[in-house]
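*Asks:* Predicted model and sequence follow; I will ask about them next.
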Amino acid sequence: MSDNPSFVYIIYIASTAEKVFQALTDADMSERYWVGNRLQSDWKVGSPFALKLKRESNRVTGTVLEVDPPRRLTYTFHSQHDGLESEGPSRVTFEIEDQKDQVKLMITHDQFAPDSKVFEHISRGWPLVLSSLKSFLESGRVLRAPWYEEADAA
Amino acid sequence: MSESNKSSFVYVTYIRTTPQKLWDGLTKPEFTRQFWVATWQDCEWKVGSPWRIMAPDGRVADAGEVLEIDPPRRLVLSWRNEFKPELREEGFSRMTYLLEPQGDMVKLTVTHEIDRPKAKFIEAVSGGWPLILASLKSLLETGQSLEATRQWPKDK
């Protein structure tokens, strides 16, 4: 393991790049598939980004770094609760590739401090959130995980 | 993986289904043919049983044996590619399915590892598993696998 961990996850969705990009940026949709958490941003480069956590008055905050619909979205990610705020911001990048009859969605979450606690949280969280996103786009139904809603979503 | 003499790949996905349906999806030909590029697995599913992934043209794509089996919770296979000499020569890997029910869904963890550093085989399966498992999830949740996984690739 290198000193600065990074998280990479790929999922394939029977959808279009436009619909995946919309789901990754739409506040109401996020509240459904992101187990109750809600995205907040106007998605302009340099604008604030926030993820309002269902159980917490605190949020994840950040800044929008890149917006290239429907292919690429990048923002910084700074947890503001449970002592995690002392870690600096990390970086989230979504890459969306239209393939025949499906979309390849790749997330890279990197720029963590060595021994980052946020890294441990997000490594558990992203597979659930992106599995739920896939279910939402393919079937209209989302996933629920008691452990995720009881814990903090990074 | 911190040990430098190993290569490993771990993938977690959550599927709205039951452990038994997921187990059947991973092992029974009528399901694997729909999401695992038209292949089926030839196995008696007992400890020590030989295990083979059969391509639709009858060739053996991968082979090994059942190391541990506890349906519908855990399966461990030894696994070697039989197709590409540069992968076959790396020897046997070890693949584990772990199925954990969580409410109305199942957490599926696939761990694929081999006792050698920077293995080409692990690089190859790292590219394959996300697509196969995404298609299995689609099949179990919607009744439709991903189109790209329904046929054996023409160039193989």
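*Replies:* Structure's in. What do you need?

*Asks:* Can you list the buried residues in the longest helix anywhere in chain B?
*Replies:* Assignment by DSSP state H gives helix B:120-142 as the longest helix of chain B. By neighbour count on 16 or more other CB atoms under 10 Å in any protein chain shown, the buried set for helix B:120-142 is B:120-122, B:124-126, B:129-141. (Each C-beta comes from the backbone N, C-alpha and C, glycine too.)

*Asks:* Quick check: A:Val8 touching A:Phe94?
*Replies:* No. A:Val8 sits out of contact with A:Phe94 when judged by CB atoms under 8 Å, with a separation of 11.6 Å.

*Asks:* can I assume B:Arg73 is in contact with B:Leu98?
*Replies:* Yes. Counting by CB under 8 Å, B:Arg73 touches B:Leu98, with 7.3 Å between them.

*Asks:* and A:Arg91, what is it in contact with?
*Replies:* When contacts are counted by CB atoms under 8 Å, 6 or more residues apart in numbering or on different chains, A:Arg91 touches A:Leu65, A:Thr74, A:Tyr75, A:Thr76, A:Phe77, A:His109, A:Asp110, A:Gln111.

*Asks:* quick one: which of these has the most company?
*Replies:* Among the contacts of A:Arg91, A:Tyr75 has the most neighbours (other CB atoms under 10 Å in any protein chain shown), with 27 neighbours.

*Asks:* With adjacent residues omitted, what lies nearest to that one?
*Replies:* Excluding its sequence neighbours, the residue lying closest to A:Tyr75 (CB to CB, 6 or more residues apart in numbering or on different chains) is A:Phe49, at 4.3 Å.

*Asks:* Then B:Asp24?
*Replies:* Per CB to CB, 6+ apart, closest to B:Asp24 is B:Phe31, 6.1 Å.

*Asks:* ditto for A:Val67
*Replies:* A:Trp43 (5.3 Å).

*Asks:* got a list of what the one you found touches?
*Replies:* When contacts are counted by CB under 8 Å, 6+ apart, A:Trp43 touches A:Thr25, A:Val64, A:Val67, A:Leu73.

*Asks:* and those, which of them are in helices?
*Replies:* Cross-referencing the contacts of A:Trp43 against helices under DSSP H gives A:Thr25.
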